[in-house]
Structures are given as structure tokens and as C-alpha cells.
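>>> Fold the following, please.
(2 chains)
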Amino acid sequence: MKLDILHTLNTERAARRAVVVVTDIDSGAQRLIKATEADKDPLAETIDKRLRMGKSGMEDTPQGRVFLTVHVPSPKLVITGAVHISQALAPIAQMLGYDVTIVDPRTAFASPERFPDVKVLAEWPDVALPPLHVDRYTAFVACTHDPKIDDPALLHALARDCFYIGALGSRKTHAKRNERLKAAGISDADFARIHAPIGLDIGAISPAEIAVSIMGEIVQSVRQKPARSAKAEAA
Amino acid sequence: MLGRDEDILKAAEDWSKAGRGVALATVVETWGSAPRPVGSNLVIDSDGNFLGSVSGGCVEGAVVTEAIDVIDSGKPKVLEFGVADETAWQVGLSCGGTIRVYVEKVS
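Alright, predicted model coming up:
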């Protein structure tokens, strides 16, 4: 590997940006492709698929067999609301390899006793969220039911292009949320990115079951075509 | 695991910048029950120091020897290890799997 490719690779990884290195293992020829520029590559489709799966491997291409080294940042999950559902969602997400942070300014909820193995920040979103470097490898879930907490957090998640954004609440609650976020300057297209009612429709009733349905929807967002392009294709 | 992989690639860069001869080994294919997944890295210098793993210890010694060759020649190599290998007792995988490892010089 050329030292400059290795240097770019390490720089991109440190900045939590996805990259793929394509290596012809017969000749040693190698190139690095940033995820943001993958659509211009001759192997765009393969690279896109590999990036979504986060999986390195050999591929047959018109130019011969190549090895694709896929580097995708480890996923994060940020939840507002140190509530019952979060108590189940956090350990499930951790089991799936997510770095989980819960934000809730209500100290009675955000206590270490309720969340022994999770990072809990008893702060308002405007204080807690900026240092978390929420990005497109972050899933965001709003669980407080309190617009004072959830709304600013949702605005932050939309601005940072989180790959998954979900908000707890009924259709009626979500309609009111729509009015508030529109007033805050959010477009219809952006608002449509919020999954609500949250979670896959599996008939979940208990908080733990709802957590499973949310986590299922998050996994679906990662592994299948992004919801946004699916909606664009349908339109 | 990601953190460790990051450290390995960072070490490869740091070692190379420090003027050491460096090779990077990557698991590119596995069959059966391979101990380390595709994409796992091992970084080796010309003195035989190494960091990371491609097999959890079974074949690292052989990879290091080959890597020193690759550092000298500059030519990449593909190595294959499995129980069917006639040198199985020295460098075979006890788990019964087969792995293919790509070794390249960092330059």
C-alpha cells in the first residue's frame, strides 16, 4: 500500500468518514475511494452495497478479481429521554455494536441507577448534543414526549443528516410536531425523514417490544437502501 | 475490534514514517471456520515485529516470514493456509478453516 493512500485512509477514519480501498491482488494496483465520491467510480454499485453492509471482501469485476477493504465508522445511537423504552433500547443497541448515549435534562430520569452501563447526560439537548458529534453514522431516537426536549434534538439530528431519525408518539402527536418543526423552518422532505410512529409494525406492546421494533427499523435503515432514496424512487 | 484495527493501520503508517520497512497483511478470503474475519490486518516490520492478527495466532509466524520477503522485494504476495496444507503441522489452522492472506509492502 502506498503511504499516501494509508495516510488518507487513517485521516478519513479518524474523521469518521467511510472509505473503500480497491486492491487488485495480482498486480498490487490500488485506489482509495471516499464514500462521498463513490458514485463516480466504475464500481459504484458494488461499493455502495459493500458500504451499506460494512463488509470487506473479494469481488469479480470486468477488470478482474479485486479485494475491497471497507472502512465504515462504528455506529452511534443517541436517544433523548431516559425512559422505560430507553432502558430496553440501550442494551439491545449495545449488543449490536452501537455506541449509545442518552440525553435527558430531567435528573430523576437520567440517573445511573436506572442506566448502569450506558452513558447518560443529564443536560438539555443544546448543551449535550454538540459535543457528541452526531453524524450520518448516527441513529437518533426521540423518546421524551416533551417537545421542549425532543424538538431541538430532532432539529439537530436533521441538520447533521443522521441515517435514522425516529420519534415516539401517535399520528396525532406527530401532526402537531409537524406544525412546530415547519414553523422552525423544516421542509416537508426533511420532516418525512422522521420515522413516526416509530419502529417496525410488529404489534409491539411492552417497552422492551417497542425497543425491538425500533432497533429493527434502525437495522433496516442501515442494511437496506436508504429510506430517502426508496421514497424518491416511489415518487 | 474496530479500535484495534484502527490502531494497526495507524501503526503501519507511523512505522513507515519512522523509516522502518513495513508490510501489511490482510485476510482477503476465508472458507470454513476461520478464526479472524475478512479484512483483519497484521502489520509487520523488517525486524519481524508485528501487531494485529490474521488468524488468532496459528499462522502469524509464517506470515511474518513471508512479509519480510515482501518488504525486501516490494512485490505483493497472496498466501493460503488451511489444514490440507502439507505444512499443516507447522502453520495449519487447527480450526479446520482455510484463509487467504494478501501481503503488501507499505512504501
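
>>> Every contact and neighbour count from this point should use C-alpha atoms.
Will do.

>>> so where is the chain shaky, pLDDT-wise?
No chain was given, so I picked chain A. Applying pLDDT under 70 to chain A flags residues A:225-235.

>>> Please refer instead to chain B.
Residues of chain B meeting the criterion pLDDT under 70: B:1-6, B:83-96.

>>> which stretches of the chain form helices?
I'll assume chain A. Ranges of helices in chain A, per DSSP state H, are A:3-14, A:44-53, A:84-95, A:125-128, A:147-159, A:171-183, A:188-191, A:207-223, A:227-234.

>>> wait, chain B
Secondary structure of chain B, counting by DSSP H: helices at B:2-17, B:60-73, B:88-91.

>>> quick one: which of the ones you listed is nearest chain A?
Ranking these by proximity to chain A (C-alpha to the nearest C-alpha) places helix B:2-17 first, at 6.4 Å.

>>> Give me the residue at the spatial middle of chain B.
Closest residue to the average C-alpha location of chain B: B:A25 at 3.6 Å, with C-alpha atoms, centre = their mean.

>>> That residue - nearest residue in space that isn't next to it in sequence?
B:V103 (4.3 Å; C-alpha to C-alpha, 6 or more residues apart in numbering or on different chains).

>>> Around that neighbour, count how many other residues there are.
32 (other C-alpha atoms under 10 Å in any protein chain shown).

>>> So it sits against B:G74, correct?
No - with contacts counted by C-alpha atoms under 8 Å, B:V103 stays clear of B:G74, the gap being 10.1 Å.

>>> quick one on the thing from earlier: any idea which of the helices of chain B is most buried?
Counting by mean count of other C-alpha atoms under 10 Å in any protein chain shown, helix B:60-73 has the highest mean neighbour count of the helices of chain B, with a mean of 19.

>>> quick one: it to chain centroid distance?
Distance of helix B:60-73 from its chain centroid, counting by C-alpha atoms, centre = their mean, to the nearest Å, is 8 Å.

>>> I'd like to know how far A:A108 sits from A:A175.
Going from A:A108 to A:A175 by C-alpha to C-alpha, to the nearest Å gives 29 Å.

>>> Bridge partners for the residue nearest to B:A25, pull those for me.
Taking DSSP bridges as the rule, B:V103 bridges to B:A25, B:K77.

>>> B:D69 versus that one, what's the distance?
10 Å.

>>> next one: A:R160
With C-alpha to C-alpha as the criterion, A:R160 and B:D69 are 47 Å apart.

>>> Excluding chain neighbours, give the residue nearest to the residue in chain A positioned nearest to chain B in space.
Per C-alpha to the nearest C-alpha, A:M1 is where chain A lies closest to chain B, at 4.7 Å. Residue nearest to A:M1 in three dimensions, not counting chain neighbours: B:V106, with 4.7 Å by C-alpha to C-alpha, 6+ apart.

>>> which residues sit in contact with the one you found?
Listed by C-alpha atoms under 8 Å, 6 or more residues apart in numbering or on different chains, the contact partners of B:V106 are A:1-3, B:12, B:16, B:21-24.

>>> Quick check: of these, which lies closest to A:I202?
B:L24 (46.2 Å; C-alpha to C-alpha).

>>> Now for that closest one, how many residues are close by?
B:L24: 26 neighbours (other C-alpha under 10 Å).

>>> In chain B, which residue sits closest to chain A?
B:V106 (4.7 Å).

>>> quick revisit: of all the helices of chain A, which one comes closest to B:I99?
Of all the helices of chain A, the one in closest proximity to B:I99, counting by C-alpha to C-alpha, is helix A:44-53 (20.5 Å).

>>> Provide a list of residues in contact with the closest residue to B:T65 other than its chain neighbours.
Nearest residue to B:T65, sequence neighbours excluded (C-alpha to C-alpha, 6+ apart): B:G48, at 7.5 Å. With contact taken as C-alpha under 8 Å, 6+ apart, B:G48 is in contact with B:64-65, B:68.

>>> what do you get for A:L9?
Taking C-alpha under 8 Å, 6+ apart as the test, what A:L9 contacts is A:19, A:32.

>>> Contact residues of chain A facing chain B?
Taking C-alpha under 8 Å from any C-alpha of the partner chain as the contact definition, chain A meets chain B at A:1-3, A:6-7, A:10, A:13, A:25-28, A:56-58, A:67, A:69-70, A:74.
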